[in-house]
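Peer 1: quick one, fold the following:
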Amino acid sequence: MNSITPSVEPGFDQETVSRLRQDYQKDGYVLLKGFLSPEEVSETLEQLALFRREVLPTMPDHHVFYEDKDKPDTLKQLQHLDEYHPFFHDLLHGSRFQRVAEILLEDAVVPRNFQYFNKPPLVGQPTPPHQDGYYFMLNPCEAVTMWLALESVDEINGCVRYIPGSHQREMRPHTRTGTLGFSQGILNYGPDDFAQERSFPAEAGDLLVHHAMTIHRADRNNSSTRTRQALGFIYYAERAREDKAAHEAYAEKLRQEMQAGNRI
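Peer 2: You can find the predicted model right below:
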């Protein structure tokens, strides 16, 4: 058991739970400032450094993404960390993070993925506007994605941007992108969409949670010195059903394309 999650309860009173649910239902996202303490963030970063030294070399290619595989410092994304180390398993399963997902989805939840994200200085590319539900292939599309900042993130190194209330609308048409880890982006994202965006700068330990239908994106990392490290948690509502055959076929096609592009 790691020291970050000794209790599954995030410490919310009933008034806070009601407010979070109202904001989530209205906007399609919530921001939880300081969800991890500075000490907990430091511990997580130490575990990540250890993971990268000792575990990453043993991981299969399809769980490790680089902007350029020949340049180790361009590491972009790691998939399913919970399958490789107990520290990260305990963060995803039976944790405070899972409890927040249950509160917002108002259902038992199924932990589905735990990811590491980075945008290296001047290398990290824009995250295209998209809806996570397009990748998830769920019916009903009831799931949350959590994004935990591990360091300061702002307009310069690529903070997250949401369109409020977009989760209440239909799935937008998506098309192929050249962005590693985000193979599909909204086809017709235009000036009206940009005008509706709200940006969310974050400090280390802040947690953003959004509905699977919420439209979001992020700019590239324009800093010459700063990274943009974060963790991602995905939980499906128990009532959601996945089209597993379609999802597996899509994942295999994507793996082949990334291998051909020297990114895994």
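
Peer 1: rest of the way, CA atoms for contacts and neighbours
Peer 2: Will do.

Peer 1: OK, contacts around the closest residue to Glu197 other than its chain neighbours?
Peer 2: Leaving aside its sequence neighbours, Glu197 sits nearest to Ile163 (C-alpha to C-alpha, 6 or more residues apart in numbering; 4.7 Å). Going by C-alpha atoms under 8 Å, 6 or more residues apart in numbering, Ile163 touches Asp193, Gln196, Glu197, Arg198, Thr214, Ile215, His216.

Peer 1: which among those residues gets closest to Arg169?
Peer 2: Checking the contacts of Ile163 against Arg169 with C-alpha to C-alpha, the nearest one is Thr214 at 8.8 Å.

Peer 1: pLDDT score assigned to that closest one?
Peer 2: Predicted confidence (pLDDT) for Thr214: 98.

Peer 1: ok, His130 - contacts?
Peer 2: His174, Gln184, Gly185, Ile186, Ile215, His216, Arg217.

Peer 1: so how far is Arg217 from it?
Peer 2: His130 sits 7 Å away from Arg217 when distances are taken as C-alpha to C-alpha, to the nearest Å.

Peer 1: sorry, back to before: considering the contacts of His130, which possesses the most neighbours?
Peer 2: Ile215 (28 neighbours; other C-alpha atoms under 10 Å).

Peer 1: quick check: closest non-adjacent residue to that one.
Peer 2: Per C-alpha to C-alpha, 6+ apart, closest to Ile215 is Gln131, 5.0 Å.

Peer 1: what residues are up against the one you found?
Peer 2: Met171, Arg172, Gly185, Ile186, Ala212, Met213, Thr214, Ile215, His216.

Peer 1: is the residue nearest to the second one when sequence neighbours are not counted bridged to anything, and to what?
Peer 2: This points to Arg172. Ranked by C-alpha to C-alpha, 6+ apart and with sequence neighbours excluded, the top spatial neighbour of Arg172 is Ile186, at 6.3 Å. For Ile186, the beta-bridge partners are His174 (DSSP bridges).

Peer 1: contacts only, for Ile186.
Peer 2: With contact taken as C-alpha under 8 Å, 6+ apart, Ile186 is in contact with Pro128, Pro129, His130, Gln131, Arg172, Pro173, His174, Thr175.

Peer 1: and those residues, which is closest to Leu104?
Peer 2: Gln131 (17.7 Å).

Peer 1: what's the closest of the contacts of Ile186 to Thr74?
Peer 2: Distances from Thr74 to those, taken by C-alpha to C-alpha, are shortest for Pro128, at 18.6 Å.

Peer 1: tell me which element the residue nearest to the spatial centre of the chain falls in.
Peer 2: Nearest to the mean C-alpha position of the chain, by C-alpha atoms, centre = their mean, lies Gly232 at 3.4 Å. Assignment of secondary structure by DSSP states H and E places Gly232 within strand 230-237.

Peer 1: contacts for that strand?
Peer 2: 92, 97-98, 101-102, 105, 107-118, 142-151.

Peer 1: for the spatially closest residue to Leu150 that is not a sequence neighbour, list the residues it contacts.
Peer 2: Nearest non-adjacent residue to Leu150, counting by C-alpha to C-alpha, 6+ apart: Ala204, 4.5 Å away. Contacts for Ala204 (C-alpha under 8 Å, 6+ apart) come out as Gly34, Leu36, Pro38, Val41, Leu148, Ala149, Leu150, Glu151, Ser152.

Peer 1: what about burial for these, which qualify?
Peer 2: Neighbour-count burial (16 or more other C-alpha atoms under 10 Å) is assigned, among these, to Gly34, Leu36, Val41, Leu148, Ala149, Leu150, Glu151, Ser152.

Peer 1: which of those residues fall within strands?
Peer 2: Among the buried ones among the contacts of Ala204, the ones falling in strands (DSSP state E) are Leu148, Ala149.

Peer 1: of the buried ones among the contacts of Ala204, closest to Met137?
Peer 2: Leu148 (23.6 Å).

Peer 1: can you name the residues bridging to that closest one?
Peer 2: With DSSP bridges as the rule, Leu148 is bridged to Leu207, Leu231.
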